[in-house]
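**Student:** just need the structure, nothing else, for what follows:
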Amino acid sequence: MRSGAEGEHVTVESATGQPGVQEWIIEHHLEDKITFRNLLFNDKYMGLDREPSGNAPIVVSSNPLIFTLEKTGESAKYNFYVEEDGASLYLAVSLNKIFPSQAALQPKQLVGAPWSLSFLE
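**Tutor:** Below is the predicted model of the structure:
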């Protein structure tokens, strides 16, 4: 993500080197539900531009995608998923081999290491 434009792909690594572009604030909702809001582009969230499916790209959106938080048993490491037709699709890296790597929804078997969270004060 470089500009915060609606529909822009969310990348896993920052290609810009600009602080704040790839920093996301977790907003807590009911129970274990969360959304990711961008720190720099304050009115932008992680979202989708299509129905949830395997390898669906995560994009910048004004409409937040609501994830379920899944604890991993490790300190400050979590997985995040959405439910679609009884299946869980996890926040992960896209299967598309491009740089910078993009975020996408994936089935559990394609998810790598859990996400590490850093807390801001």
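**Student:** quick one: low-confidence ranges for this protein?
**Tutor:** Counting by pLDDT under 70, the chain shows low-confidence ranges at 1-2, 14-21, 120-121.
**Student:** what ranges does it have for its strands?
**Tutor:** Taking DSSP state E as the test, the strands found in the chain are 24-28, 33-38, 45-47, 59-61, 67-71, 77-84, 87-93, 103-107, 115-116.
**Student:** figure out which of these is closest to Gly7.
**Tutor:** strand 59-61 (5.2 Å; C-beta to C-beta). C-beta: built from backbone N, CA, C; applies to glycine.
**Student:** other SSEs contacting that closest one?
**Tutor:** Judged by 3 or more C-beta pairs under 8 Å, 6 or more residues apart in numbering; DSSP states H and E, strand 59-61 is in contact with strand 45-47.
**Student:** so how far is the strand it packs on from its chain's centroid?
**Tutor:** 7 Å (C-alpha atoms, centre = their mean, to the nearest Å).
**Student:** brilliant, that's me finished.
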